[in-house]
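Chemist: sequence first, then the predicted structure:
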Amino acid sequence: MLTKNASFFLPKLHPNKLFTIDGYESGMAACRAAREVAGMMEGAQAGFGFLSAPGAAGFMGVGWWQALIAALEDSAGLAFWHALDCGGSAAYALGAVRMGQKCAVLQAPIPQFNAVKAVYTQESGVLFHARPPSFHLIPSLCHTSSLVGYFTDGYCQSSDPENKLPDTRQKKDCYP
C-alpha cells in the first residue's frame, strides 16, 4: 500500500497551489481561474494561497499586504493562506509578526532566522527560510519593445507626420 509521506500530527503548512501576486488584479485573476476548477473555492478556506513578491515587506509594507489580502478575502468571500516575503530583514519579519502576520519568508543567516522563528512559533505562526514554490502572476518589467519605445519617446506618442518613430505602444498601457 502506498502512502503519502506526511505526518498526521503536524498541521499543513501551506496549500499545494501558491500564487505570487503584486496587487488586487493578480489575486482576483487567480480567484477567477480557481472558480473554474472544482473544489478550489469551496468552504470557508480556499484550496490555494498567496505569496508576496520577493522582499515585499521592505518596499510595500506589512499593512499594504494585509489590506490586499483582506480585500481579496472580502471579494471572494473566503479566507486565504498567505505569506509575506521579508527578504533578508529580520526587522521586517519581526514587525510583520507583531502586526499579526502569521506566515512569512525570511532569508537571513541561521542565527537571526532561528531567533525570529522562535517569535513566530510563540505567536502560532510559521516562518520559512526559503520561498515556497509558487506560480508567478507578477507582470514582467523587462518587455524590451516597451522599454525601447519609452526611451526613444515613441511609446504612447500620438502618430503624427512629425513623429518618425514607429508606434510601439500597446493600447492597454496608454492613458489619455
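Modeler: Cool, got the structure. From a predicted model like this one, the values you see are computed outputs, not experimental measurements.
Chemist: going forward, measure contacts and count neighbours with C-alpha atoms only.
Modeler: Fine.
Chemist: show me where this structure has its helices.
Modeler: Assignment of helices within the chain using DSSP state H yields the ranges 24-35, 56-59, 62-76, 90-98, 110-122, 144-151.
Chemist: in CSV, list these along with mean neighbour count and distance to residue 16.
Modeler: Listed next are the helices of the chain as CSV, based on neighbours: other CA atoms under 10 Å; distance: least, CA to CA, whole Å:
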stretch, mean neighbour count, distance to residue 16
helix 24-35, 16, 13
helix 56-59, 18, 22
helix 62-76, 17, 18
helix 90-98, 20, 23
helix 110-122, 15, 22
helix 144-151, 13, 34
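Chemist: nearest to residue 47, of the ones you listed?
Modeler: In terms of CA to CA, the element of those nearest to residue 47 is helix 24-35, at 8.5 Å.
Chemist: give me the residue ranges of this protein where confidence is low.
Modeler: Applying pLDDT under 70 to the chain flags residues 1-13, 38-44, 139-176.
Chemist: could you redo the last one with a cut-off of 50?
Modeler: Counting by pLDDT under 50, the low-confidence segments of the chain come to 1-11, 141-144, 155-161, 163-166, 168-176.
Chemist: break the chain into its domains for me.
Modeler: Domain segmentation of the chain under automatic domain parsing yields 17-136, 144-173.
Chemist: what's the end-to-end length of the longest one?
Modeler: This means domain 17-136. This stretch, domain 17-136, spans 11 Å end to end (CA to CA, to the nearest Å).
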